[in-house]
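[1] Give me a 3D structure for the following:
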Amino acid sequence: MTDPVPSPRQLLENVGLGAHAERILPHELPAIAILLGTGAGDIGQSRIGGLPDLPASLAWPRTAKGEAMEFTLQIDLAELPPAASALPRAGMLYVFIGLDEPATNIEHRILLHTGADPLHPAALPTDIPFANDMFADVEPRRLEFVAVPDFPRWATQDFAAVTRDMSEDEHDTYNEDFMWSLEPNTASPMLGKLFGHAAGIGSDPREDAYVVREVNPKWLYNTRERTRLDLTPARSWRHLLTIDSCMALGLGIWDAGYLQFLQHENDLEKLDFSRVYAAAESS
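    Predicted structure coming up:
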């Protein structure tokens, strides 16, 4: 028999943050850790890198300039832990990206296929240039999924709320020991996560998504205009997906950063991925 997984309260006690449990625990959100499996897998299985397995009804996405977007990963929704997923129990989710310069408001395409038509490895477009080469050298690898609890992370308003009464040492313990203890106990490298909390470098990325998608994209870096805004509606933007830099894959996202995709909660309920906000977060 395997040992039971400690509760978040027990994990906080284990790292010496039990005194802050009542402030931290109400912020728990379900998440799905994305783990790096072995081999490339079969057609229709969850995978990062390589070629997407597309139905004939879905064409390879292109950017507004007509360049080919780069395939990042595909997720077989039947492989996700049902209790932690807000997505359908069957179908395929595909993620493509365009040029990641600048790192904010990255052009991308998220496709959801729930039909019964067969999947086939798509041929690489040869008649048009690619917008990006970030994943060009990533060998195709299977993905695995484990349900995990998640708590507020760097540079969000929720993070500021749960850490405001912590000492400097407790702050570091929360960021390092507690966050590390939430990761699944497995030898498989963790590649990212679905759902759970967003994380930012310097600012709350949910506010960036709100400003760009609902206010004025020209105000993304306009501090004067942003300080006049009521940013409360930004809380309706939720973390959808993060893909981390991964040494095991030779995948570097800016300076050892990560790609993050945020979606408005109403759009997630409707399975509408047309307004998802994507950015590369890096120091």
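
[2] By mean pLDDT, point me to the weakest helix or strand of this structure.
    The least trusted helix or strand in the chain, going by mean pLDDT, DSSP states H and E, turns out to be helix 223-226, with a mean of 92.

[3] What lies in contact with it?
    Under the contact criterion CB atoms under 8 Å, 6 or more residues apart in numbering, helix 223-226 has outside partners 207, 211, 216, 219. In short, each C-beta sits where N, CA and C put it, glycine included.

[4] do the same with stretch 106-117
    Residues contacting stretch 106-117 (CB under 8 Å, 6+ apart): 54-58, 61, 63-64, 69, 87-88, 90-100, 131, 259, 261, 271, 273, 276, 278-280.

[5] Are any of the residues you listed buried, and if so which?
    Neighbour-count burial (16 or more other CB atoms under 10 Å) applied to the contacts of stretch 106-117 gives 54, 58, 61, 63, 69, 87, 92-100, 131, 259, 261, 273, 276, 278-280.

[6] Return the subset of those lying in helices.
    Using DSSP state H, no member of these sits in helices.

[7] Relative to residue 109, how far out is the closest residue to residue 96 other than its chain neighbours?
    Excluding the flanking residues, the one nearest residue 96 by CB to CB, 6 or more residues apart in numbering is residue 69, at 3.8 Å. Distance of residue 69 to residue 109, given as CB to CB, to the nearest Å: 6 Å.

[8] check contacts around the residue nearest to residue 96.
    So residue 69 contacts 60-63, 96-98, 107-109, 130-132 (CB under 8 Å, 6+ apart).

[9] possible to save these as JSON lines with pLDDT and distance to residue 119?
    Below are the contacts of residue 69 laid out as JSON lines (pLDDT from 0 to 100; distance: CB to CB, whole Å):
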{"residue": "60", "pLDDT": "96", "distance to residue 119": "14"}
{"residue": "61", "pLDDT": "96", "distance to residue 119": "16"}
{"residue": "62", "pLDDT": "96", "distance to residue 119": "20"}
{"residue": "63", "pLDDT": "96", "distance to residue 119": "24"}
{"residue": "96", "pLDDT": "98", "distance to residue 119": "16"}
{"residue": "97", "pLDDT": "97", "distance to residue 119": "21"}
{"residue": "98", "pLDDT": "97", "distance to residue 119": "23"}
{"residue": "107", "pLDDT": "97", "distance to residue 119": "25"}
{"residue": "108", "pLDDT": "98", "distance to residue 119": "21"}
{"residue": "109", "pLDDT": "98", "distance to residue 119": "17"}
{"residue": "130", "pLDDT": "94", "distance to residue 119": "22"}
{"residue": "131", "pLDDT": "93", "distance to residue 119": "24"}
{"residue": "132", "pLDDT": "92", "distance to residue 119": "23"}
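
[10] So which of these is the closest to residue 187?
    Nearest to residue 187 among these: residue 97, at 28.8 Å, using CB to CB.

[11] where does the closest residue to that closest one other than its chain neighbours fall, phi/psi-wise?
    Nearest residue to residue 97 in three dimensions, chain neighbours excluded: residue 108, at 4.5 Å (CB to CB, 6+ apart). Backbone torsions of residue 108, given as degrees, to the nearest 10, read phi -160, psi 180.

[12] start the count at 805, not 1, going forward
    I'll keep to 805 as the first residue from here, and by that count the last item is residue 912.

[13] So what's the residue count around residue 912?
    Neighbour count of residue 912, defined by other CB atoms under 10 Å: 23.

[14] just the strands in this structure please.
    833-840, 851-852, 857-858, 874-880, 896-901, 912-917, 924-925, 945-954, 994-999, 1041-1048, 1062-1068, 1081-1085 (DSSP state E).

[15] could you redo these as CSV and give each row distance to residue 1056?
    What follows is the strands of the chain, written out as CSV (distance: least, CB to CB, whole Å):
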stretch, distance to residue 1056
strand 833-840, 15
strand 851-852, 14
strand 857-858, 26
strand 874-880, 14
strand 896-901, 14
strand 912-917, 18
strand 924-925, 26
strand 945-954, 16
strand 994-999, 13
strand 1041-1048, 10
strand 1062-1068, 11
strand 1081-1085, 11
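
[16] Residue 886: which of these is closest?
    strand 945-954 (8.9 Å).
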